[in-house]
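Visitor: Show me how the following folds:
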Amino acid sequence: MIDGLTKHVQDRFWDRIARSVAKTGISADQVTWIGAALVCVNAAAYVGLQRPLVFCAGIVVFELLDDLDGAIARVTGTSSRHGAYLDAMTDRYKDVAVIAALAYVHHAWVPAFFGMFGATITSYAKARAGMEAPISNAKWPDLFERFERIAFVCIMLLAVAFVRVDLRDRVVAYGLAIFALLTNVTAVQRFARARTILRKHDAKS
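Guide: Predicted coordinates:
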């Protein structure tokens, strides 16, 4: 929701940074792959080290590359369907890596499963609607999109860092349960929005 409503402001900010980065010769696709690899390494490090603050900081820093790759593509005129597809696919793997690390360390597989289920359906709802009719990314300001999901996980990790060690599993279990609820509410919201859009297209045809 926040990401969709502030996209034009974010794009201007990232475009300025991308112009400098693009001068190094690095491509948007390379940034996408690097970002995905770093997120996965960060998740694996959390399994081994179990340092919530380090994990949180890594998520924030490495996820910034998700905005940078698109900006590089825009300012260099190299935007492509392949790049957009690659970005979307690697986002799904990054999400799974982060949630799986939390589930493994804190024994919270059930809420993690339903959380990822809701997140996946949220993404699929728009992607599938886009196969049926032209869909604008700017018209989907739903409740708990990827930006909100990442922010929620980071806030949860901050909470984990400052509670007693014996309470950490409980904080993550409850946090992921809320995460699951919000992702599935958003999936239903997006389904309803897609159905409305597609019915309008059907009425025009």
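
Visitor: Could you list the low-pLDDT ranges of this protein?
Guide: Counting by pLDDT under 70, the ranges of the chain that qualify are 1-11, 137-141.

Visitor: Against which helices or strands is the lengthiest helix in the chain packed?
Guide: The single longest helix within the chain, with elements called by DSSP state H, is helix 168-204. If contacts are counted by 3 or more CB pairs under 8 Å, 6 or more residues apart in numbering; DSSP states H and E, helix 168-204 sits against helix 81-106, helix 109-132, helix 146-161. All C-beta spots, glycine's among them, are computed from the backbone N, C-alpha and C.

Visitor: For Leu102, which residues are in contact?
Guide: 46, 108, 112, 153, 172, 176 (CB atoms under 8 Å, 6 or more residues apart in numbering).

Visitor: Mind putting those residues into JSON lines with distance to Val39 and neighbour count?
Guide: Shown next, in JSON lines, are the contacts of Leu102 (distance: CB to CB, whole Å; neighbours: other CB atoms under 10 Å):
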{"residue": "Tyr46", "distance to Val39": "11", "neighbour count": "23"}
{"residue": "Ala108", "distance to Val39": "19", "neighbour count": "23"}
{"residue": "Ala112", "distance to Val39": "16", "neighbour count": "25"}
{"residue": "Val153", "distance to Val39": "12", "neighbour count": "23"}
{"residue": "Val172", "distance to Val39": "18", "neighbour count": "25"}
{"residue": "Leu176", "distance to Val39": "18", "neighbour count": "26"}
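
Visitor: farthest pair in the residues you listed?
Guide: Greatest spatial distance in the contacts of Leu102: Tyr46 and Leu176, 14.4 Å, computed using CB to CB.
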